[in-house]
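S.K.: Fold the following and give me the result.
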Amino acid sequence: MPTSAASNHSGRPEDLIGRLNSTHTPYEAKLKALRDLKNQIIGNRTKKQVFLKLGAVPSVVSILSAASSEDSAQGGGGDNREFRDSMLIQSAAAIGSFACGLDAGVKAVLDAGAFSLLFSLISHLNEKVADAGARSLKLIYQSKLAPKYDFLQEKNMEFLLYLLNSKNENVSGLAASIITHSCQTTVEQLALSEAGVIKRLVSLLGGSLIQRDASLESLAAVVKENSEVASKFMGPENGRALNVVIELMKDKYPRTRLLACMCLICTRNTSSSYLRDSGIQNKLVLVLLELLDDPGQVGDEAPFVLSSLITEKEDMQKIAFDENVVDKLCEHLRAGTFQAKRLQGLFLALGDLCSKLECCRDRVIELQVLNFVTEALAHDSAEVRGAACTCLKNVSRSVKKLSAGQFMNEAVAVPLVQLLCDTSTSVQVAALGAISNVVVDFMPHKSLFIQCGGVKQLVQLSKSMESAIRVNAVWALKNLTFLVNNKCKDEIFSELTSTTLISLLSDPEASVQEQAFALIRNLVDGSLYSIEYVFGEDGLLLHAIGKQLRSTSQIDVQIQVMYTLSNVASGNECHKEAVMNQLLPQAGNDTETLLIKFLQSTDSRLRTATIWALINLTFPSSPGTSSRVTELKNAGIISQLKNMDNDPCLDVKLRAKMALGQLMMFGDAST
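M.R.: Below is the predicted model:
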C-alpha cells in the first residue's frame, strides 16, 4: 500500500517541482519530470497557473541553462549528447507551453531569463533542438509582452535574415512572427523592405502551412499604412504574389483564408488605388462572412478583420449590407454565449457598419439588437463593454431615431451613466462617446439623463487628469445642452458652475477649450434668460471668454468663441454692448484689429462666424445699433466687408452682403 500511495502522488505539482529542483534527482528522473510537467500543462490554463505559483518556470529555465552550458562545454556525441539534447528539447517545450496563451506565463518566462537561452538553441546542430527553441519563441511572440526586436541594428537584421532563410519551417516561421510582433514604424517597414524581406516573405507563400500563414501575417505588418512599401509588394515583380494571396482566400485551411484576407485588406487600406476590383471586394466580404461560423480562434478573429475592411469606408459598408452582413452578425449575437473576444469583435463590426449608413442603423434597430448591446454594457470584460458603447454610439447617429426618442430610456441611460465610473479608462471614453450621441435626442427625454446623475458624473470627469476623458466629458455636456429647455440648462449650469467653465476655457488642451466654448455657445443659445449665464458674478465668464479670444491662436477655438459671442450679441442692448467691449477694446490695444484679422482668415468657418456676430450686433431695430455701426466703421469693418463681395466661399459672400446691407441703413457706408 505505501508503495502504491507514493506512485499515485508522484505526478502532483509539488512532487514534480521537488524532483526538478533536487540535486539528488537522477538525470533520467529529471527528464521524466520535465515530460510529465509539460504534458500536464499543455492546453490546461488552470494547471499552468498552479505550476506558476509553485515557481516551476525558474526551475525549468535553470535546467535549460544547465543543459545549454554542458552542451557548449562538452560537445562531442554519443549518449551524453543525446541525453542533453533531450533535456534541451523538453525544457524548451515546457517553457513554450507556459507562454502559450497566458501573459502571466510569458512574464514568468521572460523574468527567468529564458529568452536569450531559447535564441541560442536556434543555431543548434540538432534540428530538433533548434525546432523546439523556435516553437517556444513563436509562442512567446504571440504575446504583447514579448520584447520588441530592433530591426535597425545591422547585426539584428542579419540575424533575422538568417532565420528567415532557414530551411527549418519553424525557424523561418519564427522570423516572420518576430516581424509581425515588432514592425511598428514606417522606418522599420522601409528597413525591412530594403533588406529584401518582402521578397523572402513572398517566397514563403509557396512553403509549408506554417511558413505560409506566418508570411501572410508578416506581409500585412510590413505593408500596413505604408504606400512606398505597398508599391513594392504590388509592383511588377511581385504582381504574381498578389495573385497568390488572392488564391489563398480559397485555401482549405480557415486560418490561411483569414490571413489572406487580412493581408489584402492591409494592402487595400494603404491606398484606395489598390484592389478596386468589385469582384475581389465582394469576395473579401463573403469569405469573412463564412469565417464567422468557425467555432475556434479563426471565428474569434474574423469580426476584427471584417471591421478593418469596412471601417470609415462607405463603399465597403454598402457591399457588406447588400450581402446581409448585418443580419449575419445579429444571428451570431442571438446564437448564444461566446468568448469575450468574439463578442467584442461582433459589436465592433456592427458599429463600423452603422458608422455611415442609415440603412444599417435601421436594420440593427429592426432586428432588436439594441437589447444585446445594452446587456453587454454590464459585461465582465472591459473590452466587450467598450465595444458595446462604440456600437451604441454609431447606431445612435441616426437623427431620425434620436428625434423619436429611440435611445433615451432607462435601459440605455442608466448603464451608460454607471460606466462613467468604470475602472477602465478606455471604457469611460467609449461610454462618453455613446453618451455624446444619445443626449443629442431632440425630444424632452434629456431630463432622464440628468435624473440618473449623468451631469454630476460628466462634470466630475471634465476635471480628469486624462485629456481624452476631459474632452469627451465636455463634448457630452455640450451635446446635452443642445436645444434643451431653461430648466435643464439651470440644472446643468448649477452643477458646472462658472468656476469650472472658466477653468475649461483655459485648459492646456486646445480640443478641451474648443468643446468648452461650444458648450457655452449652446448654453447662451435661445432666450434672453439663457444669455444671462455669462453675466453672473459680475460677468466673470464673459471676461474669461474675451481673454481667451485675445490670447488663443487656435482656429477651431476662435470659431467657437465667435459663435458664442454671436449668440450673446443676439440679446438685448446690454448684451450687445458687452460683446462690443470684448471685440473692440479701447484704442491702443493690439487686439483692436482682431475683427479684421478674423474676417481675413484663410478659414471660411471663422470668417462666417465673425460675420454672424456682426449681423447680430447691427440688427436694425435695436436702439443702439447706430452708435455700434459708427464704431465698426471706424475700425475698418465696412471696407473689409466690401472686399468680401468676391469671397470664394458662397456662405461667407452671402452673409457679408447681409451684414453690409444692415450697416448701410445707418448713413454713409462708403468707407
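S.K.: what comes up buried for the longest helix anywhere in the chain?
M.R.: Secondary structure assigned by DSSP state H gives helix 78-99 as the longest helix of the chain. Within helix 78-99, the residues that qualify as buried are 81, 84-99, counting by 16 or more other CB atoms under 10 Å. No exception for glycine: its C-beta is placed from N, CA and C like everyone else's.
S.K.: tell me the angle the helix or strand in which Glu70 is found makes with helix 78-99.
M.R.: Glu70 is part of helix 56-74, with elements assigned from DSSP states H and E. Interaxial angle, helix 56-74 versus helix 78-99 (axes from the mean of the first three to the mean of the last three CA atoms, to 10 degrees): 150 degrees.
S.K.: Just give me how far helix 56-74 sits from the chain centre.
M.R.: Distance of helix 56-74 from its chain centroid, counting by CA atoms, centre = their mean, to the nearest Å, is 42 Å.
S.K.: Could you chop this protein up by domain?
M.R.: Here the domain parsing of the chain from automatic domain parsing is 1-147, 396-484.
S.K.: what sits up against the helix or strand where Glu28 lies?
M.R.: Element membership for Glu28 (DSSP H and E) is helix 27-41. Outside helix 27-41, the residues that touch it by CB atoms under 8 Å, 6 or more residues apart in numbering are 11, 13, 16, 19-20, 25, 47-48, 51, 56, 60, 63, 83, 86-87, 90-91, 93-94, 97-98.
S.K.: same question, stretch 459-478
M.R.: Stretch 459-478 has contacts (CB under 8 Å, 6+ apart) with 420, 425, 428-429, 432-433, 435-436, 439, 455, 458, 492, 495-496, 500, 503-504, 507-509, 511-512, 515-516, 518-519, 522.
S.K.: from these, which would you call buried?
M.R.: Buried by 16+ other CB under 10 Å: 420, 428-429, 432-433, 435-436, 439, 455, 458, 492, 495-496, 500, 504, 507, 511-512, 515-516, 518-519, 522, out of these.
S.K.: Sort out for me which of those are in helices.
M.R.: Per DSSP H, the buried ones among the contacts of stretch 459-478 map to helices at 428-429, 432-433, 435-436, 455, 458, 492, 495-496, 500, 504, 511-512, 515-516, 518-519, 522.
S.K.: ok, Lys489 touching Thr481?
M.R.: Yes. Here Lys489 reaches Thr481: they are 6.5 Å apart, a contact under CB atoms under 8 Å.
S.K.: between these two, which one's more packed in?
M.R.: Here Lys489 and Thr481 are compared on neighbour count by other CB atoms under 10 Å; more neighbours surround Thr481, at 25 against 21.
S.K.: What score does the closest residue to that one other than its chain neighbours have for pLDDT?
M.R.: Spatial nearest neighbour of Thr481, chain neighbours left out: Asn522 (4.0 Å); criterion: CB to CB, 6 or more residues apart in numbering. Looking at Asn522, its pLDDT reads 96.
S.K.: hmm, back to that, list residues touching both of Lys489 and Thr481?
M.R.: Between them, Lys489 and Thr481 share these contacting residues under CB under 8 Å, 6+ apart: Leu523.
S.K.: element containing the most centrally placed residue in the chain, please.
M.R.: The centroid of the chain falls nearest to Ser426 when counting by CA atoms, centre = their mean (9.0 Å). Under the criterion DSSP H and E, the helix or strand holding Ser426 is helix 425-438.
S.K.: And for Val285?
M.R.: Using DSSP H and E, the element containing Val285 is helix 278-291.
S.K.: And for that helix, what's in contact with it?
M.R.: Applying CB under 8 Å, 6+ apart, the contact partners of helix 278-291 are 246, 249, 254, 257-258, 261, 264-265, 275, 298-299, 302, 305-306, 309, 315-316, 319-320, 323, 325, 328.
S.K.: Quick check on those residues: which are buried?
M.R.: Buried members of the contacts of helix 278-291, counted by 16+ other CB under 10 Å: 246, 249, 254, 257-258, 261, 264-265, 275, 298-299, 302, 305-306, 309, 316, 319-320, 325, 328.
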